[in-house]
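Student: For reference, the sequence and a predicted model appear below.
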Amino acid sequence: MDGGVGSFIISHALTSIHARTGLAPVEKKDDDSSTDNPATKIERVVTPHMNLAQRLAHIVRSIAPLLALGFARLLTIRAVDYQQHVSEYGVHWNFFFTLAAVACMSGAISRTLHPNKAAMVGFGLMALYQIALSTTGLTEYIMEAPRTNIFAANKEGIFSSVGYFAVYLAAVRIGHTCLKPKFTARKWGGKIAKMMVCYISLDV
Amino acid sequence: MNRCLIFATLSLVLTLHAQMVNGLLWVATMACSSYIQAPSRRLVNASYALWMMSLNLTLLLHLMLLDACIVLPAALIHPPTITSTPTSKFVQVSSSDGTSDAAEKTKNTIANAPSPPFAPTSLIIEAINKNSLPFFMIVSRNIITTGLCAHVSVELRMCI
């Protein structure tokens, strides 16, 4: 499960919107060179412009299914009296809430952070979090503190979301490189001429 | 076999930057887990995060290696039309005037036949994509049979 959880976050980041576009919004562009035939007009809509209220609504819409799944799992586990490991994420937390937290933080930051810089921000966040864990006694708090209020009951889940977000940002950088249109469509075409020599010369 | 080795080395060369990053990540993982804090999934500390990144980047690079060995030969034989403008491959030569010279005749040969508009993938991957649900059912048959046995035992009031 150690590998599965981290790999799930990474695969989510590899194919996310942040990895594909993630930049400041670009206005809709119409190709005006062929205006006589409306069928050949090319519209390049990259990312629509959003003000703060629209972006908040977009974030809420994107994490709503994850929150619903998280609460559904919580309710069904309590109803069926399934065994729960509270040392995993906490009393009420589950992985869906972690995914929702990561998606929320990603939605908040994806329009202002270029994917190429996301790796450095991810590593910086990871370093800061590790410094907080090692030096300020956060590790002892997460491992051993009694679960008195609702924040302390889910402390593992809340603090682990920060670490998972750091992993997410680093994976966004990898996903951006892999999902660039030049990489997927024309990379093979560009190198074909050079490799054709090798292919033909070694045709045994 | 020889061709496969050539494509493998070519993929290693093309992904050189990523390979160096992968090496650095593994070194950082080992150093962090031995000097700073052991990896912990509860805390998601730096050791765990670096471990996850190293593992997945290694897996991705292995898959790119396989991609180069399987997909590149197919791409060389039938280059996809995404690399060229869409109209250039589908030009129909009109020979109504009767004066068709050699340059126009070569346009309709097999070598210039229209290529598929999608990037080439291996046959196995395409087969799995087309039959994704049956593939999942067969691969995870232990989950399905345990579910079926539990359901059947409840229905028949048996103890299994």
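Tutor: Okay, I see it.

Student: Okay, helices next: where are they in the chain?
Tutor: In the absence of a named chain, chain A is used. A:2-14, A:17-20, A:52-80, A:95-109, A:115-135, A:138-144, A:150-153, A:155-179, A:181, A:187-201 (DSSP state H).

Student: I was thinking of chain B, sorry if that wasn't clear
Tutor: Using DSSP H, helices in chain B cover B:2-14, B:16-35, B:46-77, B:102-105, B:123-130, B:132-139, B:141-155.

Student: for those helices, which one sits closest to A:Y82?
Tutor: A:Y82 lies closest to helix B:141-155 among the helices of chain B, at 14.4 Å (C-beta to C-beta). In this view, the C-beta of every residue, glycine as well, is placed from N, C-alpha and C.

Student: quick one: is that closest one near chain A?
Tutor: No: Helix B:141-155 stays clear of chain A (C-beta under 8 Å from any C-beta of the partner chain), getting no nearer than 13.6 Å.

Student: Ok, stretch B:19-29 next?
Tutor: No: Stretch B:19-29 is not in contact with chain A by C-beta under 8 Å from any C-beta; minimum separation 8.8 Å.

Student: List the buried residues in that stretch.
Tutor: Under the neighbour-count criterion of 16 or more other C-beta atoms under 10 Å in any protein chain shown, stretch B:19-29 has B:19, B:21-22, B:25-26, B:28-29 buried.

Student: May I see those residues organised as a markdown table, with pLDDT added?
Tutor: Output for the buried residues of stretch B:19-29, formatted as a markdown table (pLDDT from 0 to 100):
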| residue | pLDDT |
| --- | --- |
| B:Q19 | 88 |
| B:V21 | 91 |
| B:N22 | 93 |
| B:L25 | 95 |
| B:W26 | 96 |
| B:A28 | 96 |
| B:T29 | 96 |
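
Student: Only C-alpha atoms, please: export stretch B:23-38 in PDB.
Tutor: Extracted C-alpha coordinates of stretch B:23-38, given in PDB (Å, rounded to 0.1, in the frame of the first residue of the first chain):
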ATOM      1  CA  GLY B  23      20.000   8.700 -10.600                       C
ATOM      2  CA  LEU B  24      20.100  11.900  -8.500                       C
ATOM      3  CA  LEU B  25      16.700  11.000  -7.000                       C
ATOM      4  CA  TRP B  26      17.800   7.500  -6.000                       C
ATOM      5  CA  VAL B  27      20.900   8.900  -4.400                       C
ATOM      6  CA  ALA B  28      18.800  11.500  -2.600                       C
ATOM      7  CA  THR B  29      16.400   8.800  -1.400                       C
ATOM      8  CA  MET B  30      19.100   6.700   0.100                       C
ATOM      9  CA  ALA B  31      20.800   9.700   1.700                       C
ATOM     10  CA  CYS B  32      17.600  11.100   3.100                       C
ATOM     11  CA  SER B  33      16.400   7.800   4.500                       C
ATOM     12  CA  SER B  34      19.700   7.000   6.200                       C
ATOM     13  CA  TYR B  35      20.700  10.400   7.500                       C
ATOM     14  CA  ILE B  36      17.500  12.400   8.100                       C
ATOM     15  CA  GLN B  37      14.500  10.200   8.800                       C
ATOM     16  CA  ALA B  38      13.300   6.800   7.800                       C
END
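
Student: and A:R173, what is it in contact with?
Tutor: A:R173 sits next to A:19, A:115-116, A:118-119, A:122 when contact means C-beta atoms under 8 Å, 6 or more residues apart in numbering or on different chains.

Student: Which one of the buried residues of stretch B:19-29 is nearest to B:L65?
Tutor: Closest approach between the buried residues of stretch B:19-29 and B:L65, by C-beta to C-beta: B:Q19, at 10.3 Å.

Student: any idea how far chain A is from the closest one?
Tutor: B:Q19 is 13 Å from chain A, where distance means C-beta to the nearest C-beta, to the nearest Å.

Student: Kind regards, and thank you for your time.
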